[in-house]
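**Q** need a structure here:
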Amino acid sequence: MTLVVLAVGLGALAQSVSGIGFTLVSGPLLVATLGPTDGVRLSVLLSLVVNVVVLTRTRRQASIPDALLLLVPAVLATPLLVRLVRGVPARTAELLAGSAVVLGATVLAAGVRWRAAGGRAGAVLAGVLSAAMNVVAGVGGPAVALYAANADWPAAAMRSTGQVYFLGLNLVAAVALGLPTVAGLLVVGCLVALAAGLLAGARLAPLVPEALARRVTLSLAALGGLVVLVRAI
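**A** A predicted model of the protein is given here:
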């Protein structure tokens, strides 16, 4: 329980300081500790809370049409992806989850650019890939961040429009995946850690350079993904 709560607090801190990274940082540790099924379910559930909290501050900058370009294909793909993942052995699911996190963190750190990925076809592909990574690892952000970069979204748009997208995606994923079968006390502990991490991050954010915060967040995410991979192997 302690490791799970610490992972959630660390992920919330990373999200608040750098603007990314809640599931990238906490997701791998939740999967490693609780297994791929409950780890992903809990990650999705807690992500919903983060989405709502962030949107209360950034909703005015959100573009609903841009969010829907990603959300419609993601929502259509999610139920099918959930059915596919349910037939996958736990070890294979952990390998997929760890690989998804490491790949996602690497792509974001490298700042990959591909202009063709910024159009409507790119939005559909990004939505489906994001949904797949969300179902497998509870981490749907890298594909959307890559699309946003190539579509030239401003940083403020990514934080606001992205949260609209993730709120819709996580709602659908939570229904399709079901609730985590963990103790209620653990969920309460995670919510407390989530709140503490977000508040602490809000105080630290002005003191930490954004580029440094982003590098540390992605490094922690990659390390967490490697932990899941090693555990599965």
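**Q** what sits up against stretch 88-99?
**A** Stretch 88-99 is contacted by residues 27-28, 31-32, 35-37, 39-40, 85, 136-139, 225-229, 231-233 when judged by CB atoms under 8 Å, 6 or more residues apart in numbering. No exception for glycine: its C-beta is placed from N, CA and C like everyone else's.
**Q** please repeat the previous calculation with a cut-off of 7 Å.
**A** Residues outside stretch 88-99 that contact it (CB atoms under 7 Å, 6 or more residues apart in numbering) are 28, 31, 35-36, 85, 136-137, 225-226, 228-229, 231-232.
**Q** could you export that stretch as CSV, CA atoms only?
**A** The C-alpha trace of stretch 88-99 is given here as CSV (Å, rounded to 0.1, in the frame of the first residue of the first chain):
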residue,chain,number,x,y,z
VAL,A,88,-3.9,-11.3,-22.8
PRO,A,89,-1.9,-13.2,-20.1
ALA,A,90,-0.8,-11.0,-17.1
ARG,A,91,2.9,-11.3,-18.0
THR,A,92,2.3,-10.2,-21.6
ALA,A,93,0.2,-7.3,-20.4
GLU,A,94,3.0,-6.1,-18.1
LEU,A,95,5.5,-6.4,-21.0
LEU,A,96,3.1,-4.3,-23.2
ALA,A,97,2.6,-1.8,-20.4
GLY,A,98,6.3,-1.3,-19.6
SER,A,99,7.1,-1.0,-23.3
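**Q** may I see the buried residues of it?
**A** 93-99 (16 or more other CB atoms under 10 Å).
**Q** quick one, helices of the chain?
**A** Per DSSP state H, the chain carries helices over the ranges 2-18, 22-34, 36-58, 64-86, 90-110, 120-137, 141-150, 155-177, 184-204, 210-232.
**Q** ok, of the buried residues of stretch 88-99, which one's closest to T23?
**A** A97 (11.0 Å; CB to CB).
**Q** how close does that closest one get to V85?
**A** 10 Å (CB to CB, to the nearest Å).
**Q** same question, P206
**A** According to CB to CB, P206 and V85 sit 40 Å apart.
**Q** tell me which of these two has more neighbours.
**A** Each of P206 and V85 has its neighbours counted (other CB atoms under 10 Å); V85 has more, 20 against 7.
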